[in-house]
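> 3D, please:
(chains A and B)
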Amino acid sequence: MQQPVQPYYTISASFLLRNAGNPELSGDENIRLNILLDIQPSQIHGLLSLLNTTGREFLFSLPVNISADTTILKALLPACYLLASMDLYAAGDAPVVPVLGEQPGEALQTGLLQDYFAEQGIAAPAIPVFHYCGTGVQEAQSCSFVVYNTITPPDAFEPIHLLPVIIAVSPAPADLITWNQLAAQLQPCIITDTDAILSFERKRYETEMTRWENRALLYRHFLQLSKQVQEQEYYEVIDWYNHEYEILPLWYKRFGHIIKVFMGKRSFRSLFSDNVKKYKD
Amino acid sequence: MRLNPFILDSISRIAILYHIFYEDSCETVCQELEAMQQYQPVFIFNICADTPGKKNMAHRLKNKFPGCFIIFTSNTGKDIGAKLAMLQLLLQLGIDPDYLLLLHDKKSLQALKSASWKNDLLAIIQPAHIESVWQCFAQYSNCGIVAAKKYIHKEPVENNSFTGKNAVLLKELMDRYHIHTNDLSFVAGTMFWVRAVPLLQFFRQYNPLNIRKDMETGNVIDNFSGTITHSWERLLSWIITAQKLHIRGI
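Presented below is the predicted three-dimensional model:
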């Protein structure tokens, strides 16, 4: 059985920034984006704000020339990490950062990105490499990529087997209105078999279930830890008492109790009987 | 409570950085921050990536604080690591606030005083006290941090050497990041108001994410031995005191 699936439509970051403030950007929240990071690190602030405003879920990908350039890629690493950390980033639990190029065979520095993510304590991203010149559905590392040619559109779309699916429109639409129209028009045509969706959803539920299980273990750990910590604090107090008070001579301590009576901090009768209330509440 | 307009004039922009770790914190956070909305701050939330139901929490926060930024990050460096990630986002967004407010959903379930600790620390955002915060900053130009008085601690030192559990790490980190101060007061619990310029100046020089990557993962505590995470709890205050600014308690 087959059903439509929501793809991620590739749109360049530079195109998005040129259209900042355009009301078309905050149009249909169901049209999800795959942002091609073709901008300089200094332009990232605009992109982060813009993505937050659109409210659309997104993935991001790297142009092959950037992924091969160590200097630019290094400068982009913090921004890539923050993009992958945003709540609207759609592949948070299993990050995927596709590399998009005109043709196969260019050098990639993808290890840099994977190491950086790992250093920050998240799963190293899958980095599938896709090409605009490829035909049909390209599949790599649990991700599908389809180039939709507007000049010679296909008669029919092949079903997708791996999710998420990324669509690139070639040649790219010149304005946002056309871009939105095309995305809305393609939306029902991208289909997948129900098994692919179920498998994708099952992974998400399993991840969430694992989180709850880990949380239960964490609370158990807190219980054990609190015993250790409180025991330590108890002995610290006892030590303090022994060093500060218990060490004093008995006559001095007894004299101290008499002074307390004079100061009104202890009842006189309590000096002679244990059955009397010693202190005021 | 409305701000004195004279004081309000001097506050051009506030950023609130709030880290959420617990799955049941969302409503409490919304209530705590309700009074802050009148100052139109930039809200940045970090929800621990391991927190169940984080997507729903993000949705709720976006409804309550429209335009807020939300990130999910791993449990590295506890709330300190999360605050570093949020500082990186703040820098990356190019926002230049005048004041920052650092908060988190502290529970410290292992500690004896856990119930009162957070409430005491949160005095700094209670409507009854907030004007005192502005007055501290407005009256004292050398006031860099405002926090709950009870939790302004001093790191123990003997013969010019630290004596606490984090002693070795503190010395090493202070040398590495060139933080030199004689005022070793710090805010235990890391919830405070801080002037943004001196703090961000430091983090423009030293990338917060590079600092974060060396921190411990999981729910580390420093009751038994020192940790990089807890050392940075102190250093966040000392970045400010090293610039000849002081911590004031309310």
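> need the helices for the chain, in chain order.
All of this refers to chain A. Per DSSP state H, chain A has helices spanning A:13-18, A:44-54, A:64-67, A:70-85, A:110-119, A:176-186, A:194-241, A:250-262. These are given in chain order.
> wait, I meant chain B there
If you assign secondary structure with DSSP H, the helices in chain B sit at B:5-9, B:26-34, B:54-64, B:78-93, B:114-121, B:127-139, B:167-176, B:196-205, B:208-212, B:228-241.
> possible to save those helices as a markdown table with mean pLDDT and distance to A:Phe130?
To be clear about C-beta, it is placed using only N, CA and C from the backbone, and glycine gets the same treatment. Formatted as a markdown table, the entries for those read as follows, by pLDDT from 0 to 100; distance: least, CB to CB, whole Å:
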| stretch | mean pLDDT | distance to A:Phe130 |
| --- | --- | --- |
| helix B:5-9 | 46 | 53 |
| helix B:26-34 | 94 | 38 |
| helix B:54-64 | 96 | 27 |
| helix B:78-93 | 96 | 27 |
| helix B:114-121 | 77 | 48 |
| helix B:127-139 | 90 | 52 |
| helix B:167-176 | 96 | 42 |
| helix B:196-205 | 97 | 36 |
| helix B:208-212 | 97 | 28 |
| helix B:228-241 | 97 | 40 |
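> got a list of what whichever residue of chain B sits closest to chain A touches?
Of chain B, the residue with the smallest distance to chain A, taken as CB to the nearest CB, is B:Ser74 at 3.1 Å. Applying CB atoms under 8 Å, 6 or more residues apart in numbering or on different chains, we find B:Ser74 in contact with A:Gln120, A:Gly121, A:Ile122, B:Cys48, B:Ala49, B:Asp50, B:Thr217.
> Sort the residues you listed by pLDDT and name the bottom one.
The pLDDT minimum for those sits at A:Ile122, where the score is 89.
> Give the closest residue to the residue of chain B closest to chain A in space, chain neighbours not counted.
A:Gly121 (3.1 Å; CB to CB, 6 or more residues apart in numbering or on different chains).
> and that neighbour, how many neighbours does it have?
Using other CB atoms under 10 Å in any protein chain shown, the number of residues around A:Gly121 comes to 19.
> how close does it sit to B:Pro156?
The gap separating A:Gly121 from B:Pro156 is 31 Å, by CB to CB, to the nearest Å.
> Spell out which residues of the stretch 51-200 of chain A are next to chain B.
Residues of the stretch 51-200 of chain A that fall close to chain B, judged by CB under 8 Å from any CB of the partner chain: A:52-53, A:78-79, A:81-82, A:85-87, A:92, A:119-122.
> circling back to that earlier point, export the helices of chain B as JSON lines, with columns for distance to chain A.
Putting the helices of chain B into JSON lines (distance: least, CB to the nearest CB, whole Å) gives the following:
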{"stretch": "helix B:5-9", "distance to chain A": "25"}
{"stretch": "helix B:26-34", "distance to chain A": "13"}
{"stretch": "helix B:54-64", "distance to chain A": "4"}
{"stretch": "helix B:78-93", "distance to chain A": "5"}
{"stretch": "helix B:114-121", "distance to chain A": "9"}
{"stretch": "helix B:127-139", "distance to chain A": "26"}
{"stretch": "helix B:167-176", "distance to chain A": "17"}
{"stretch": "helix B:196-205", "distance to chain A": "12"}
{"stretch": "helix B:208-212", "distance to chain A": "5"}
{"stretch": "helix B:228-241", "distance to chain A": "13"}
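> related to what we said a few turns ago, of the contacts of B:Ser74, keep whichever come out buried.
A residue is treated as buried here by neighbour count (16 or more other CB atoms under 10 Å in any protein chain shown); on that basis the buried members of the contacts of B:Ser74 are A:Gln120, A:Gly121, A:Ile122, B:Cys48, B:Ala49, B:Asp50.
> Of the helices of chain B, which is nearest A:Gly111?
Of all the helices of chain B, helix B:208-212 sits nearest to A:Gly111, with 17.8 Å by CB to CB.
> Break chain A into its domains for me.
In the domain annotation for chain A, the residue ranges read A:2-193, A:249-281 (automatic domain parsing).
> Next, the buried residues of stretch B:183-195.
Buried residues in stretch B:183-195, defined by neighbour count with 16+ other CB under 10 Å: B:183-195.
> Read off the pLDDT value for A:Ala184.
Per-residue confidence at A:Ala184 stands at 87 (pLDDT).
> Tell me how far the residue in chain B sticking out farthest from the centre lies from B:Ala167.
Computed with CA atoms, centre = their mean, the maximum C-alpha offset from the centroid of chain B is found at B:Asn159, amounting to 30.0 Å. B:Asn159 sits 12 Å away from B:Ala167, going by CB to CB.
> Ok, A:His243 next?
To B:Ala167, A:His243 is 22 Å away according to CB to CB.
> Same check on B:Asn63?
Distance check for B:Asn63 against B:Ala167: by CB to CB, it reads 46 Å.
> Have a look at the two and say which one is more surrounded.
For B:Asn63 versus B:Ala167, the count of surrounding residues by other CB under 10 Å is larger for B:Ala167: 17 against 10.
> Quick one: low-confidence residue ranges for the stretch 101-250 of chain A.
Residues of the stretch 101-250 of chain A that meet the criterion pLDDT under 70 lie in A:105-107.
> Which single residue of it approaches chain B most closely?
When you check the stretch 101-250 of chain A against chain B by CB to the nearest CB, the closest residue turns out to be A:Gly121, at 3.1 Å.
> doesn't A:His131 make contact with A:Ala140?
No. At 10.4 Å, A:Ala140 and A:His131 do not qualify as touching, with contact defined as CB atoms under 8 Å.
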